[in-house]
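Enquirer: no letters, just coordinates:
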């Protein structure tokens, strides 16, 4: 009981509505401040006062990349926040995060565009085109995903609200509570490693920064896969319904596809991201149809009993 009370206390400290509101205000302030600092560093680099080799310090447009990075950090927090509350919203937040990563990448690539008649022969310009189309399609897929993330009827919820389900929700709260310091630790480590790399690019930090867009999020989605598998296994304690098992398994496949997208470049990166969102949406649509059939079956049982 003491362990349970300890995690319950931490949960309210890390993931309460009040903490979420404070975090939102804090991140907004940091995002604005980081944008101004990034602009100052770019100008200092232009005047030769600082020697910053990163492509993020070559053009003022690149400064937009930094506040978007902090917005993404807040989206990561929201994902953990919704983990114990709604599984579909938790998955939707994954799609939001990868969408924002692509939008952030667009701002970075805008600074290096080569406007010429050879647009479709230039690798960076072609990638920019892929990202534009992908961001629009992801926005549309998110609309359909949330539109179909309907809540279960109160009758179904009452029928399923058992002691096992209560324990499962408690387990998800504990998992979310543990995730907060883990993700903060990874964020500080990757940020510190990248900052050291920018200041001293010739040094061997032991960390690869081939794709700056994958910093933190490569490890982040790997952790999400592990968490999703643990939740899937734990869910067997409160339900053995086929459509629930398939839905949760399908969402894990979707997360894995997003994780794989960080290991490839070019068009394949965009295709894997879109495949993840499309697969997640289709799984949700089919699950909802199963849910309707299940509710109808329950109603018939009540009528015949």
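Expert: Arrived safely, thanks for sending. The shown structure was predicted, so the numbers you read here are calculated from the model rather than taken from an experiment.

Enquirer: so residue 50: helix, strand or coil?
Expert: Following DSSP: H, G, I helix; E, B strand; the rest coil, residue 50 is assigned to coil.

Enquirer: now do the same contact list for it.
Expert: Taking CB atoms under 8 Å, 6 or more residues apart in numbering, we find residue 50 in contact with 41, 44. Backbone N, C-alpha and C define where each C-beta goes, glycine included.

Enquirer: ok, it to residue 193 distance?
Expert: As judged by CB to CB, to the nearest Å, residue 50 and residue 193 stand 19 Å apart.

Enquirer: low pLDDT regions in the stretch 151-300 of the chain?
Expert: 151-164, 194-214, 294-300 (pLDDT under 70).

Enquirer: what about 90?
Expert: Where the stretch 151-300 of the chain drops to pLDDT under 90, the residues are 151-171, 183-220, 232-245, 262-266, 289-300.

Enquirer: any chance you could map the helices in it?
Expert: Under the criterion DSSP state H, counting those that start in this stretch, the stretch 151-300 of the chain contains helices at 154-160, 163-199, 217-235, 242-261, 267-304.

Enquirer: show me what the longest one is packed up against.
Expert: With contacts defined as 3 or more CB pairs under 8 Å, 6 or more residues apart in numbering; DSSP states H and E, the packing partners of helix 267-304 are helix 87-110, helix 123-147, helix 154-160, helix 242-261.

Enquirer: make TSV out of the helices of the stretch 151-300 of the chain and add mean neighbour count and distance to residue 62.
Expert: Below are the helices of the stretch 151-300 of the chain laid out as TSV (neighbours: other CB atoms under 10 Å; distance: least, CB to CB, whole Å):
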stretch	mean neighbour count	distance to residue 62
helix 154-160	12	48
helix 163-199	16	13
helix 217-235	18	19
helix 242-261	19	22
helix 267-304	16	20
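
Enquirer: any idea which of those helices gets closest to residue 73?
Expert: Among these, helix 163-199 comes nearest to residue 73, with 6.5 Å by CB to CB.

Enquirer: that closest one vs helix 217-235, what angle?
Expert: Comparing the axes of helix 163-199 and helix 217-235 via axes from the mean of the first three to the mean of the last three CA atoms, to 10 degrees yields an angle of 170 degrees.
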